[in-house]
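> the sequence and its predicted three-dimensional model are supplied below.
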Amino acid sequence: MFQNIGEMWILLWRTLGMLPQAWRQRRKVAEQLFEIGNASLLMACILSLFIGGVLALQTGPKLVERGLANVIGAIVGLSMCKELGPVMMAVLIAGRVGSAMAAEIGSMRVYQEIDALQTMNINPLSYLVLPRLIAISLALPLLVIFSVLVGWSGGAMVSVYNHQIGLSFAGFFDSLRANVGVGDVLNGLFKSLVFAVVIGTVSCHQGLVTLGGPRGIGRSVTKAVVNSIVLILILDYFLTRFLMVF
Amino acid sequence: MNDALSPAQGIGVQVRGLRKSYDGQCVLDGIDLDIARGEIFVIMGPSGSGKSVLLKHLIGLETPDAGEILLEGEPLRQPGVMDKFRLAMVFQSGALLNSLTVGENVGLYLEEHQLKTPEEISRIVEDKLELVGLKGQTDRYPGELSGGMHKRVAIARALVIEPQLILYDEPTSELDPVVAVTVVEEIVKLKRRLQVTSILVTHDRDLAFGVADRIALINAGRILLVGTPAEVKQSGHPLIRNFLTIDFNHSKIN
């Protein structure tokens, strides 16, 4: 485990050292962005809509009973942008995109494509890891913004159309606006950026260290997804603690 | 290696006391070789004898446990040495990038190192593909090609580098005899045209004796003999005699 952690730090450090070459890899970054968007946008929309909705449904009736209907918007708003948006999207991306990264790089390792790159003096970190890491670091925060907006809409719809809650759209969004600041949204975006780097690093690392044939690729994919999700959840706690200081 | 693609000149390769073990099992056991500039040097031996592992060491894909490899007298693992010389390898499987087209695979080196304009790269790619009999296949993907075509694309990709040292891992395996002869002709032409140093790993005796300037026979990670094809044929070493003479007619098939 410690060897893996050490290797991942080295991989991340070396890849960050290649950031000046990012512009040269812009075509690959764009391809990866398209892949990530294509793989996750619809799923992100469905997930966020229902999570926002269920948040309102779980909290709304109890709050209305106690005369606290004016905090439903705040609860949905803060939960989505500070916690559920970043974490749910990170888990989704780990499953859909991290697994694909580990599988693609893993199969390139197994079928000697990475060896072929090295013999051509093409650095696999610059050619394979850098574009993926940049793309996921751009895509996940964007996806979180999208998820937060859809989640708020889901919460608003349930708050308006559920007869036990019966809020107006204006009432829901007034409460949200009064309690959710730009700082809260930035808080979630910062988390999502850290999660993106974790998913990209873990998945690319697992791909690069793949051994054996198809079974090895399968093992790498499983490890990439499981390790990413575990790290996301652990880091979420520590990031939350850290961000509470500000 | 990224310097402008000047006409290639073969480089000399020296291997000194190379040792490698995997999980305690010795695969290379003190290999010493001297390969001259512009030579076609064939490393021959039975399966599992360490040929391919030796080849991977020669291009820096593996790190030896002991010993060293020198390119023109400079240690391969010394920083900057790999960049100084143009090296290429044709893998047994071809090792083409499946996400790229044939043309993109062949032009990858030039594009990534920004050595030519896109128009020049297209022209060079077409030339090299024509050279290996694959004209007009630029836009196909590796998944749509046969095993033999894979290998020829891999050779075209290596040729684009205008290498000073080219390594071939089983260049004629999976090829029908006609294509195999075409590939072998290409290896010989390349040597004549560019004086490139070629190192071939094979267990194909016809190939070895057909193209080699010198042959090294390897068994269980040790070099048994290095010599010209004529010297190898005259060897009285029992393992070499057995490897060179065994065939289906002489073996006892019931």
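Okay, I see it. Numbering: from 1, shown residues only, chains lettered A, B, ... in the order given.

> can you give me the helices in chain A?
A:2-16, A:26-65, A:72-78, A:85-93, A:99-110, A:113-119, A:124, A:130-161, A:169-179, A:182-208, A:214-244 (DSSP state H).

> how about the second one, which residues are buried there?
Yep, that's helix A:26-65 we're talking about. By neighbour count on 16 or more other C-beta atoms under 10 Å in any protein chain shown, the buried set for helix A:26-65 is A:28-29, A:32-33, A:35-37, A:39-40, A:44-45, A:47-49, A:51-57, A:59-61, A:63-64. All C-beta atoms are positioned from the backbone trio N, CA, C, and that covers glycine.

> any idea what the spatially most central residue of chain B is bridged to?
For chain B, the residue nearest the mean C-alpha position is residue B:168 (1.7 Å; C-alpha atoms, centre = their mean). The partner list for residue B:168 in beta bridges (DSSP bridges) reads residue B:90, residue B:200.

> how many neighbours does the residue in the stretch 151-254 of chain B positioned nearest to chain A have?
Nearest to chain A, among the residues of the stretch 151-254 of chain B, is residue B:161, at 6.9 Å (C-beta to the nearest C-beta). By other C-beta atoms under 10 Å in any protein chain shown, the residues close to residue B:161 number 23.

> with adjacent residues omitted, what lies nearest to residue B:42?
Closest residue to residue B:42 apart from its sequence neighbours, by C-beta to C-beta, 6 or more residues apart in numbering or on different chains: residue B:212 at 4.0 Å.

> for that neighbour, give me phi and psi.
phi -70, psi 140 (degrees, to the nearest 10).

> against residue B:184, how distant is it?
Using C-beta to C-beta, to the nearest Å, one gets 11 Å for the distance from residue B:212 to residue B:184.

> do residue B:124 as well
In terms of C-beta to C-beta, residue B:124 sits 23 Å off from residue B:184.

> try residue B:163
17 Å.

> residue contacts, the residue nearest the centre of chain A?
The C-alpha lying nearest the average C-alpha coordinate of chain A belongs to residue A:90 (C-alpha atoms, centre = their mean; 2.5 Å). Residues in contact with residue A:90 (C-beta atoms under 8 Å, 6 or more residues apart in numbering or on different chains) are A:140, A:192, A:195, A:196, A:199, A:228, A:232.

> try 7 Å
Neighbouring residues of residue A:90 by C-beta atoms under 7 Å, 6 or more residues apart in numbering or on different chains: A:140, A:192, A:195, A:199, A:232.

> closest to chain B out of the residues you listed?
residue A:199 (20.5 Å).

> do you know the pLDDT at that closest one?
For residue A:199, the pLDDT comes out at 96.

> near it, how many other residues are there?
Residue A:199 - counted by other C-beta under 10 Å - has 31 other residues nearby.

> likewise for the one 4 residues further on?
Neighbour count of residue A:203, defined by other C-beta under 10 Å: 33.

> likewise for the one 10 residues further on?
Neighbour count of residue A:213, defined by other C-beta under 10 Å: 11.

> setting aside sequence neighbours, what's the nearest residue to it?
residue A:110 (6.0 Å).

> please report how far that neighbour lies from residue A:209.
Counting by C-beta to C-beta, the gap from residue A:110 to residue A:209 is 11 Å.

> relative to residue B:31, how far out is the nearest residue to residue B:241 once chain neighbours are set aside?
Distances taken as C-beta to C-beta, 6+ apart put residue B:235 closest to residue B:241, at 7.0 Å, once the chain neighbours are dropped. Computed as C-beta to C-beta, the residue B:235 to residue B:31 distance reads 18 Å.

> who's more crowded, those two?
residue B:31 (24 against 16).

> ok, residues contacting the helix or strand hosting that one?
Element membership for residue B:31 (DSSP states H and E) is strand B:25-35. Strand B:25-35 has contacts (C-beta under 7 Å, 6+ apart) with B:12-21, B:41, B:50, B:53-54, B:197, B:199, B:216, B:221-223, B:226.

> let me see the contact set for residue 163.
I went with chain A, as the question did not name one. Neighbours of residue A:163 in contact, by C-beta under 7 Å, 6+ apart: none.

> not quite, I wanted chain B
Each residue near residue B:163 by C-beta under 7 Å, 6+ apart is listed here: B:8, B:86, B:87, B:88, B:196.

> can you count the residues close to the second one?
By other C-beta under 10 Å, the residues close to residue B:86 number 23.

> quick one, phi psi at it?
Dihedral pair for residue B:86: phi -90, psi 110, per degrees, to the nearest 10.

> go ahead and confirm it touches residue B:158.
No: look at residue B:86 against residue B:158 with C-beta atoms under 7 Å: they stay out of range, at 10.1 Å.

> what does chain A put close to chain B?
Residues of chain A lying near chain B by C-beta under 7 Å from any C-beta of the partner chain: A:111, A:112, A:113, A:115, A:116, A:118, A:119, A:120, A:121, A:122, A:127.

> wouldn't the last one be in contact with residue A:117 here?
Which is residue A:127. Yes: Residue A:127 is within contact range of residue A:117, at 6.0 Å (criterion: C-beta under 7 Å).

> can you pull the contacts of the residue nearest to residue A:39 when sequence neighbours are not counted?
Setting aside the residues directly before and after it, residue A:39 is nearest to residue A:96 in space (C-beta to C-beta, 6+ apart), at 4.7 Å. Applying C-beta under 7 Å, 6+ apart to residue A:96 gives the contacts A:39, A:40, A:43.

> and the residues you listed, which is closest to residue B:79?
Checking these against residue B:79 by C-beta to C-beta gives residue A:39 as the nearest, at 39.6 Å.

> now do the phi/psi pair for residue A:213.
Backbone geometry at residue A:213, expressed as degrees, to the nearest 10, gives phi -100, psi -140.

> ok, back up a step: the contacts of residue B:163 also near chain A: which ones?
Residues shared between these and the neighbourhood of chain A are B:87, B:88 [C-beta under 7 Å from any C-beta].

> which one in the contacts of residue B:163 is the model shakiest on?
Comparing the contacts of residue B:163 by pLDDT, residue B:8 comes last, at 59.

> how close does the residue nearest to residue A:61 when sequence neighbours are not counted sit to residue A:179?
Sequence neighbours aside, residue A:164 is the residue nearest to residue A:61 in space, at 4.1 Å (criterion: C-beta to C-beta, 6+ apart). Taking C-beta to C-beta as the measure, residue A:164 falls 22 Å from residue A:179.

> higher neighbour count, these two?
Between residue A:164 and residue A:179, residue A:179 has the larger neighbour count (other C-beta under 10 Å), namely 15 against 11.

> residue contacts, that one?
For residue A:179, the contacting residues are A:74, A:77, A:78, by C-beta under 7 Å, 6+ apart.

> most neighbours among those, please name it.
Counting by other C-beta under 10 Å, top hit in the contacts of residue A:179: residue A:77 with 29 neighbours.

> that one contacts residue A:151, doesn't it?
No: with contact defined as C-beta under 7 Å, residue A:77 does not reach residue A:151; the gap is 8.8 Å.
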